[in-house]
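1. Sharing a model prediction with you, sequence too.
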Amino acid sequence: MRVRAINHYKHVHETKENLDWADLVTLDFGLFAQAGGKEELAKQLDQAVRNVGFFSVTNFNISQDEIDEQFALAREFFALPLEEKLEYHNIKDLQNGEHTGYTPAGHRIVGNGIGDNVQRYNIPKFDGYHQTQQPPVFANNIAAIEAFKLPDEDQLIHDHKYNDRGEDHLYYLHYAARSADENRRAGNHYGLGHTDLGTVTLLFPQPVAGLQILNAAGQWKWVRPQEGTITVNAADALTALSGGLIKSSIHRVSVPPSDQAHVDRLSVLYFARPNNHVILNPIQNSPVLKRLGLVQNAFTDLGLHLTVQEWVKVRQAQQNRRRMDGKLAADGTYTCPEDSLEILPGLHAKVYN
Ligand SMILES: O=C(O)CCC(=O)C(=O)O
Ligand SMILES: [Fe+2]
């Protein structure tokens, strides 16, 4: 959980003077989801930017509390003694055109020998390219500062750029038909119950039945092959990014039914995964996750903030262990020693029977 900022910030009253106010249009983002709303907003925006280039927006999914938290942080920082603030002032950087950190009042003498009355503090965006040392008041609240932005409805799209580094794979599988006796000894499994590790898996249609999913009632159900469809299966990284909202499907591959048990089974799959740099925390400023209070996941519960690259590596290393030392009972139940399932200390794969 993030550290809550200090005392609430209390704004002063608005002016009572009758000023000659500019006439600005307010775009209501609440219209966005309504029929015809986008078109209406586009019309208003078109007017605003062609004429004055200034407009306001409302219903933007950042609460007044969250905004006030930023005001409170600013108040706390500016209230610090000047020497403390000057530790974050770098005159050379300012002169070289950098503009991060602190600038004291009076830095610019605008005219008549009078210095300006403005103190400034500048925090660059959190893109991994700017490494700046922050004073404790900001460092202790960095999660709230980083989350202070308009919700990015395309976050998942940005996290899945084809040309960014990632471990997406096209996957061909060949399951050789076996004798009834061999099948029985293998617990009538072609593949044990598991969840996939990425975002979604696309399963391209083929006619040999085998895929089964575990439904909410705990029963295994066959997935009927359907020509002209792609079966989509949500996976672990999507569960993590959605704070558990999206369920990773538990599935397995069974020996095909008796009329198909003699043919080899081919699968063509696509494993879509977030880009390697994505950190498997719940998406920070999603209005939906915020509203539902989904701010943790199986990784963050353990204090882990894995990148997708780290996750793919440790999970695949666990999956690809050659000897699991497992046992298959006559009814197909699979058990194996706990250490075969260890992905990371404290994090174990599950066996789904
Ligand atoms: O072959 C199939 O239908 C599914 C295979 C599968 O679940 C997997 O490889 O992760
Ligand atoms: Fe799978």
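-> Here it is on my side, so go on. Ligands and ions are numbered 1, 2, ... in the order given.
2. CA only for contacts and neighbour counts going forward, please
-> Will do.
3. gap between Glu87 and ligand 1?
-> 53 Å (CA to the nearest ligand atom, to the nearest Å).
4. So what's the residue count around that residue?
-> 13 (other CA atoms under 10 Å).
5. likewise Ala176?
-> 13.
6. Model confidence score at it, please.
-> Ala176 carries a pLDDT value of 96.
7. cool, and the one 10 residues further on?
-> Each residue has a pLDDT score; the one for Ala186 is 89.
8. residues touching it, list them.
-> Going by CA atoms under 8 Å, 6 or more residues apart in numbering, Ala186 touches Leu328, Gly332.
9. got the phi/psi numbers for it?
-> The phi and psi torsions at Ala186 (degrees, to the nearest 10) take the values phi -90, psi 20.
10. I'd like to know how far it sits from Ala329.
-> From Ala186 across to Ala329, the span is 9 Å (CA to CA, to the nearest Å).
11. and what of Val314?
-> Using CA to CA, Val314 is found at 28 Å from Ala329.
12. Those two: which is more packed in?
-> Neighbour count, other CA under 10 Å: between Val314 and Ala329, Val314 has more, with 15 against 12.
13. Mind telling me what element that one is part of?
-> helix 308-319 (DSSP states H and E).
14. What helices and strands are in contact with the helix or strand just after that helix?
-> Using DSSP H and E, the next helix or strand after helix 308-319 towards the C-terminus is strand 327-328. For strand 327-328, the packing partners by 3 or more CA pairs under 8 Å, 6 or more residues apart in numbering; DSSP states H and E come out as strand 334-335.
15. counting contacts, what elements does the helix or strand following the strand it packs on pack onto?
-> Where DSSP H and E defines the elements, the next helix or strand beyond strand 334-335 is strand 342-344. Applying 3+ CA pairs under 8 Å, 6+ apart, we find strand 342-344 packed against helix 308-319.
16. which parts of the helix it packs on are buried?
-> Buried residues in helix 308-319, counted by 16 or more other CA atoms under 10 Å: Val308, Gln309, Trp311, Val312, Arg315, Gln318.
17. I figured the first one was touching Ile279, is that so?
-> In other words, Val308. Yes. Applying CA atoms under 8 Å as the test, Val308 and Ile279 come out as touching, 6.2 Å apart.
18. quick one: pLDDT of Asp301?
-> 95.
19. did I read that right, it in a helix?
-> Yes. Assigned with DSSP: H, G, I helix; E, B strand; the rest coil, Asp301 falls within a helix.
20. That one - how many residues pack around it?
-> 10.
21. For it, which residues are in contact?
-> Going by CA under 8 Å, 6+ apart, Asp301 touches no other residue.
22. do the same with the one 4 residues further on
-> His305 makes contacts with Ile279, Leu280, Asn281, Phe299, as judged by CA under 8 Å, 6+ apart.
23. again, only this time at 10 Å
-> Taking CA atoms under 10 Å, 6 or more residues apart in numbering as the criterion, His305 is in contact with Val278, Ile279, Leu280, Asn281, Asn297, Phe299, Trp311.
24. quick one, phi psi at it?
-> Backbone phi and psi, for His305 under degrees, to the nearest 10, turn out to be phi -130, psi 70.
25. can you give me the strands in the stretch 201-350 of the chain?
-> Ranges of strands in the stretch 201-350 of the chain, per DSSP state E, counting those that start in this stretch, are 211-214, 220-222, 231-234, 251-254, 265-272, 327-328, 334-335, 342-344, 347-348.
26. Now tabulate the ones you listed in a markdown table and tack on mean neighbour count, mean pLDDT and distance to Tyr102.
-> Shown next, in a markdown table, are the strands of the stretch 201-350 of the chain (neighbours: other CA atoms under 10 Å; pLDDT from 0 to 100; distance: least, CA to CA, whole Å):
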| stretch | mean neighbour count | mean pLDDT | distance to Tyr102 |
| --- | --- | --- | --- |
| strand 211-214 | 19 | 94 | 56 |
| strand 220-222 | 16 | 95 | 61 |
| strand 231-234 | 18 | 93 | 46 |
| strand 251-254 | 21 | 95 | 55 |
| strand 265-272 | 18 | 95 | 43 |
| strand 327-328 | 15 | 86 | 64 |
| strand 334-335 | 16 | 88 | 60 |
| strand 342-344 | 16 | 92 | 42 |
| strand 347-348 | 14 | 91 | 43 |
